[in-house]
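**Q** sequence unknown, structure follows:
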């Protein structure tokens, strides 16, 4: 099967094919990005083959061709979003230094950066989280990715605590920080007037500072 993308409308009829050939990796990326936009716009009710293909401007059969099924595409969407977030945390836009304190600061700053703290992005996350209890593939992927996230946070917390001569439950504190970030995302997504990104970051810093001491911001 050959996949195609639709060229932008020009307002006039033109000769030539209705679709433009794209490389397979480009078509896969277009479908994943379109699926994320659909989730962000309308949740799972908007995650339909017809809507995703219209959004990606590709022929309808390409989802099954490249992903096998709509459910498999949903898993790829989760993989893509978690991988992007993990990459942002490893290499934050601010170019944070590599000290443990800077690593902790980067986790907070990236979590509330406009590229992440975005209403459509968070609505897509909520839709995916809603599928976790019944989707075993998503459950397994979620456990793997969140375990790596918690481990990285705990390692940075251990390093800071050791340098400051403090005894803390690093795993427990990492879990609390993740839960707080996720909860703040949820609150903001439900009602953006509840808090700002700065207020959210301040809450996260407050949680860490209660056990690790002051963190320069």
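**A** Cool, the structure landed. This one's a predicted model, so the numbers in the text were calculated from it and none came from an experiment. Numbers count the residues shown, from 1 in each chain.
**Q** Mind telling me what element the spatially most central residue of the chain is part of?
**A** Central residue of the chain (C-alpha atoms, centre = their mean): residue 81, 3.9 Å from the mean position. For residue 81, the host element (DSSP states H and E) is helix 70-90.
**Q** quick one on the thing from earlier: wait, isn't the residue nearest to the centre of the chain in contact with residue 124?
**A** Yes: in terms of C-beta atoms under 8 Å, residue 81 counts as a neighbour of residue 124; the distance is 6.9 Å. Glycine gets a C-beta too; all of them are placed from N, C-alpha and C.
**Q** residues bridging contact with the two, i.e. touching both?
**A** Both residue 81 and residue 124 are in contact with residue 36, where contact means C-beta atoms under 8 Å, 6 or more residues apart in numbering.
**Q** pLDDT averaged over the helix holding residue 81 - what is it?
**A** Over the span of helix 70-90, the pLDDT mean works out to 89.
**Q** got it, and stretch 137-149?
**A** 93.
**Q** Could you list the buried residues of it?
**A** Buried residues in stretch 137-149, counted by 16 or more other C-beta atoms under 10 Å: 138, 141-142, 145, 149.
**Q** can you pull the buried residues of the helix holding residue 81?
**A** 73-78, 80-82, 85, 88-89.
**Q** ok, now stretch 171-187?
**A** Buried positions in stretch 171-187, judged by neighbour count with 16+ other C-beta under 10 Å: 173-174, 176-178, 180-181, 184-185.
**Q** so residue 86 makes contact with residue 145?
**A** Yes: between residue 86 and residue 145 there is a contact under C-beta under 8 Å: 7.0 Å.
**Q** Can you list the residue ranges for strands in the chain?
**A** For the chain, applying DSSP state E gives strands covering 4-5, 20-21.
**Q** between those, which gets the lowest average pLDDT?
**A** The bottom spot among the strands of the chain, by mean pLDDT, belongs to strand 4-5, with a mean of 34.
**Q** What helices and strands are in contact with the helix holding residue 81?
**A** If you count contacts as 3 or more C-beta pairs under 8 Å, 6 or more residues apart in numbering; DSSP states H and E, helix 70-90 packs onto helix 24-42, helix 62-67, helix 100-111, helix 119-131, helix 136-163.
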